[in-house]
Structures are given as C-alpha cells and as structure tokens.
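*Asks:* Here is my input; please provide its structure:
(2 chains)
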2 protein chains.
Amino acid sequence: MERLAIIGLGLVGTSIGLALKKAKIPDLEIVGHDMEPTHSSTALRRGAVDKIHRNLFSAIEGAHSIILAVPVMAMKDVMTLIAPNLEPGTIITDTGSTKAQVIKWAEEILPAEVSFIGGHPMAGKEQSGPDAGDENLFQDAVYAICPSPTATTTAQTYVVSLAESVGSRPYFVGPEEHDSYVAAVSHLPFILSIGLVSSTTKSPGWREMSRMASTGYRDISRLASGDPIMHRDICITNAESIVYWVDEAIKQLYEFRNNIQEDPEALELAFIQAWEARARWLARKDSAEERPGDELPSSSTNMLAILAGDKVANRLQELTQTNKSDSSKYRKR
Amino acid sequence: MERLAIIGLGLVGTSIGLALKKAKIPDLEIVGHDMEPTHSSTALRRGAVDKIHRNLFSAIEGAHSIILAVPVMAMKDVMTLIAPNLEPGTIITDTGSTKAQVIKWAEEILPAEVSFIGGHPMAGKEQSGPDAGDENLFQDAVYAICPSPTATTTAQTYVVSLAESVGSRPYFVGPEEHDSYVAAVSHLPFILSIGLVSSTTKSPGWREMSRMASTGYRDISRLASGDPIMHRDICITNAESIVYWVDEAIKQLYEFRNNIQEDPEALELAFIQAWEARARWLARKDSAEERPGDELPSSSTNMLAILAGDKVANRLQELTQTNKSDSSKYRKR
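*Replies:* Below is the predicted model of the structure:
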C-alpha cells in the first residue's frame, strides 16, 4: 500500500482526491490534512481521502508522496514545518498558481534528499472550498509541471502520471516562463474581472444600474468571485509579470477609449481582429484537446471562412486592404 | 389576423420570432425581412416567421406592429426607407443596445401618427446569426422600454405585452438613463473582454502562452466573440458614457497595479470588497427573478455569512476595523 498525503483540502485538494479515487488506482491510500476541521471532515465525507489527520506531522508520516494544495503564501510555512520530518526519496509537489517563488522556497527549505516538482493544474471554478470539489475539475486541463533542478527522473515520471490520472495533459515548462505566461492568460483576466466589479459597484448609481446587469456582466465578473486570498498571494508572488500585463491592458483600453471618440474605423478593425484572434485560439484549443500536437491551418482567411461564413472575413479584408476613399464610411449591416 | 413584421433576422430577430411562436399567441402572423437572403431562409426554416419578404416594403405592408432588429447604425436608414409607407397608428419598436440616438432618429424621421417605443431585451449569447436564435434567449431577462414622447398608451401596453410574451421582465427607463447604465454593466464588460484579447494575442509570445489559457481566459474573453459591427455601433452611439466608464476602469486598474507593487493589504481589501459586491449582486438578482421588487437584507455582514460562511466576512472586518499594528501581516490561509 502506497500512501499519498494531500495537505490542504479546499477546492483543488479535494478535487484531486476525488479524481484519484475515480481513477481507481490500486493500492493507493490517500490521507488528508487541513487546518480548518470542517474542510477535512467534508473532504472525508465526500470520499476524497481515506483518512484525515488533524496533525500535519501525522498526515505526512510514511507518505511516499505529498501534494501541497494550500494558498501560495502558505507554502513556505508548510515546507518549513514538514522539512525536518521528511524521509529521503519523498516526492513533493504543489498546486500553486505561481511557480518561481514556490520552487525557490523548495530549494531553500526542503532537504536535498527529497524531490520537489512544482505543479499547476490549470482549472478552477467560481466556488471554492471542499464542497465545490469535483472529480472532473481537471479533465482535459493543461497541468503545468516545473521540476526543481534536483528532482529525480522517477519523481518527474510520478508527477506526470499523477497529472494524467486526474485527467489532465502534463506540460513541462520552466518556472519563470510559467509565471510570465500565466500572468497574461490567467492573472490578467482576474484583475480585469475584479476591476469591472470594483469600478462599477463603487458608483453611487450602482443600485439602479445593477438592475440592468445581465449575462455579459455576470460572465466578465465571474473571476471576482474567486478566493481573494488566493488572488492576493498570486499578485505578491508574480508581481512583476502581472504589473507588466496590467500596463499592457491599460494601454490597450486607452487606445480604445481614444478611438471611440476619434476613429470608429480603427476601433472596428481592432474589434474584428480580436474576434478573429479568439476564434483562432478556440479552434486551436479544441483541436489540441482532440489531437495533441496538431497545428492550425496556416491561412487565417480560410479559418475565418470556416468559422464565421464570409461576412466578417470580407470586412476584415476591406478594412486592411482597401484605401479609405471608400464612399460609405460605415457598412451598416 | 394581426400582422407583426420583424426587420432583421439575426440572433435577436430570430429569437423574438421563435419566442413569440412558442407563446402561441392566437391570430398573430409574423412576417420577416433581412437584407441577407440566407438569414431570411434560415429564420423561415426554423419557424421563427410565417413568411419572408425579400422586399422591405412588402414586409411592412399591412403590419400592425414592426420590430426593428438591425444593428444600431442601420436603424436610421431603415426608418428613412419605411417612413413614407407607414400607416397611421402603426406601433414600431426596436431592439438596439443604445436608446437615446435611436429615439432621436425616430422623432426626426418617423411620421407623428405612428408610435415609436424603444426596446432593449437585455440578453445575448456568444454566437450570432439566425442559426443561434433561441426561443428561450429572453427568458427572465430585463426588457428595457423607453417610449418616445409621442407614443400612445396603447402602444406602450402593446410593447409591454410583447416583452412579457417572450418571457422577459419589462422595465421602463428613460433613454439617457438607459444608455448611462448599460455603458457600465453591458458595454464596459465587452470593452474589457476585447481589451484582454487584443493585448494578449498581439504579444510575440502569444502562441506559447495560449497553450496555458484555460477556463478563466475563455470566460473573460467571451464577449470578444460578439458581433464586431454591433459593438462598433454601440460605441458610436453611446460614446460619452462608454468613455467615462473606460476611464473609471483604467483608474481602478492603475490603482491595483500600484498596490500590487506597494500595498498588498490594500489590494486584498479591494479583492474582498469586490468579492462581496458580486455576491450581493447575484443574491439580489436571483431574488428579483423569483420575486420582483424584493430587496436584500440590509446588513452586509449577515448576507456575507449566509453566502460564504464566516471566513471572508471575518477577514473583511479585520481589514476594515483593526489597526495595522497586527503582528501577522498576511493571514496565510
């Protein structure tokens, strides 16, 4: 019987337990620990773990591998606490949303005889806590894997199979690259989402205007319902990259704002290009999920024609290729 | 037999036809027209209209009421074309996303003997065109109604019942108020969504980083897949209010950006407040959908405790009420 310990039984820790249980891995015992007793009992009741320990040291005792599923800023403390009690050869991985700082802590704090492999399952949901845990949360998600320099090949293979067992697609990436990429595709989105909520709900007219808020507002504000502590920790440990991307977004919004007043044609072109860029991303994403490694057709016009019929593709060509002497300034429909 | 004409058979026009058909209103004939023949034939095949006319004038002939479901910038042209052919007493409404400009055109262009009532069903989806038409699109949505000064009471009652027939909740609002409210809750969201896509996909690293884009990116970028022409028209006809809200969002993002570098505690407080504001909005929205007119409990702490357990509520109190001499600068979990 091999023992796996999950430290932290919130949304992610509980979901990993549930997904591993669903995978019916033979001879695997899962023990869990969370500082908050109700989290532990919920995770146990839901069948995410076989056993819970209120004591952190009991939870890791005899564990062949340990998953740290606590907020990023708590990683350092947990590592410091468990470091003296780790047996040589233990495989330790985490699920934090930033990787460079976590790997730095692991190198500083953990003994050289254990293998630390940074991990980041790229999935989430609006709700948090063990009640929101879902055995399918990681299905088809990218699972970023950042081995520390001293991790053994065995440990790497183990974490890859762990990612595959929960239904994800392992993706090796360096910690700095990881952090700069997720700043754009994962952290900037939650900053924009929170920015929407903060700027609108502070307004004296919010109560009246909120009656008209509909599905668009609901979707774009969704990430503002994510765990505020998790978001804060991400900002602290990935500040430089996030600030870079917030600045890029501000520049873009400022350009839109000026074009709304002065150049509707440039605005339209930007809207069409964003429309196209998202359509291409979705198409690539879907094809990657079905057939990993596949590439998009190279011609963007073909892709657009497939996705949208000819209307937007034609308009894009008009705007990018014809000169501005065109007598009708705006196409109406 | 009463005749209703729907001019414009895209997502909204087709969905209205389908929803009215679902409501099985006796003795109502629905005729449709769209400049694009494939739109017309799709709407007919899907049963959204009883009959289509390739000629605009034939479509409105004998119509008791007319719904203009074309992009906002096309409204003026359509009004100009149909104005000479309208019979006295005809009720005309539209579905445009901005209202002040449309009502101004109606007053200038339409004969005094017809009644124009501005309308805006607050619902949408990622896809556009008649294939995406959905008989349930407007279910439980707010349907903004802005009568022009000369519209008869009969006409107002008619449009209210039209909104109710498609499953929506009619909401009377002045055109200027409407436009300033939707700038915040409907137009700012799509600008932020497009801003996310534009700023990230322009980056030379996009192809690499896009592999890590997940559900968060997908949701926050969703509105960038809306019709670019519709978005452009909204910006042209509601420029002042939209620019105001984009500026507010930029200020908010700039504050976040500075606090990421300098004041994580202020950042955390802002994240918690946004979390709370969205939870309160969702709770109010759900209760309004069940029992229109109901209000929230006034104590935000009670509401938070119901929604989230005590964790975040306690943290909010800590941050807002205790002084900063607290020895532990960040709560870790």
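*Asks:* low-confidence ranges in the stretch 1-150 of chain A?
*Replies:* Regions of the stretch 1-150 of chain A meeting the criterion pLDDT under 70 are absent.
*Asks:* Would you map the helices across it?
*Replies:* A:11-22, A:37-45, A:56-60, A:72-82, A:100-109 (DSSP state H, counting those that start in this stretch).
*Asks:* Same check on the stretch 201-333 of chain A?
*Replies:* Under the criterion DSSP H, counting those that start in this stretch, the stretch 201-333 of chain A contains helices at A:206-210, A:215-220, A:228-237, A:239-262, A:264-290, A:300-308, A:310-321.
*Asks:* how near is the residue nearest to residue A:246 when sequence neighbours are not counted to residue A:249?
*Replies:* Leaving aside its chain neighbours, residue A:246 sits nearest to residue B:257 (4.4 Å; criterion: Cβ to Cβ, 6 or more residues apart in numbering or on different chains). Heads up, the C-betas are built off the backbone N, CA and C, glycines and all. Remark: distance between residue B:257 and residue A:249 (Cβ to Cβ, to the nearest Å) = 9 Å.
*Asks:* Who has more neighbours out of those two?
*Replies:* Between residue B:257 and residue A:249, residue A:249 has the larger neighbour count (other Cβ atoms under 10 Å in any protein chain shown), namely 26 against 23.
*Asks:* Wait, the more buried one touches residue A:196, no?
*Replies:* No: applying Cβ atoms under 8 Å as the test, residue A:249 and residue A:196 come out as separate, 11.9 Å apart.
*Asks:* any residues touching stretch A:157-172, and which ones?
*Replies:* By Cβ atoms under 8 Å, 6 or more residues apart in numbering or on different chains, the residues outside stretch A:157-172 that reach it are A:15-16, A:19-20, A:23, A:25, A:65, A:67, A:91, A:93, A:117, A:119, A:121, A:123, A:136, A:138-147, A:289, A:292, B:211-212.
*Asks:* picking that back up, now do the same contact list for the residue nearest to residue A:246.
*Replies:* Contacts of residue B:257 (Cβ under 8 Å, 6+ apart): A:243, A:246-247, A:250.
*Asks:* Closest to chain B out of the residues you listed?
*Replies:* residue A:246 (4.4 Å; Cβ to the nearest Cβ).
*Asks:* and that closest one, how many neighbours?
*Replies:* Residue A:246 - counted by other Cβ under 10 Å - has 24 other residues nearby.
*Asks:* mind checking how far it is from residue A:180?
*Replies:* 14 Å.
*Asks:* Equivalent analysis for residue A:62, please.
*Replies:* From residue A:62 to residue A:180 the distance is 38 Å (Cβ to Cβ).
*Asks:* more crowded one of those two?
*Replies:* residue A:180 (20 against 14).
*Asks:* State whether the more buried one and residue A:188 are indeed in contact, as I suppose.
*Replies:* No: assessed by Cβ under 8 Å, residue A:180 is found out of contact with residue A:188, at 11.4 Å.
*Asks:* Write out the residues of the stretch 1-150 of chain A neighbouring chain B.
*Replies:* Counting by Cβ under 8 Å from any Cβ of the partner chain, the residues of the stretch 1-150 of chain A close to chain B are A:8, A:35-36, A:70-71, A:73-74, A:77, A:122-125, A:129, A:141-142, A:144.
*Asks:* Report the beta-bridge partners for the closest residue to residue A:67 other than its chain neighbours.
*Replies:* For residue A:67, ignoring the flanking residues on the chain, the nearest one in space by Cβ to Cβ, 6+ apart is residue A:6 at 4.9 Å. According to DSSP bridges, the residues that bridge with residue A:6 are residue A:32, residue A:67.
*Asks:* burial of residue A:6, as a residue count?
*Replies:* Neighbour number of residue A:6 under other Cβ under 10 Å is 28.
*Asks:* can you pull the contacts of residue A:7?
*Replies:* Contacts of residue A:7 (Cβ under 8 Å, 6+ apart): A:13, A:32-34, A:56, A:59-60, A:66-70, A:78, A:82.
*Asks:* do you know how far the residue nearest the centre of chain A is from residue A:170?
*Replies:* For chain A, residue A:122 is the residue whose C-alpha lies nearest the centre (Cα atoms, centre = their mean; 3.8 Å). With distances taken as Cβ to Cβ, residue A:122 is found 11 Å from residue A:170.
*Asks:* Likewise for residue A:164?
*Replies:* Distance from residue A:164 to residue A:170, by Cβ to Cβ: 6 Å.
*Asks:* Looking at those two, which has the bigger crowd around it?
*Replies:* More neighbours surround residue A:170 than the other of residue A:164 and residue A:170, with 17 against 13 (other Cβ under 10 Å).
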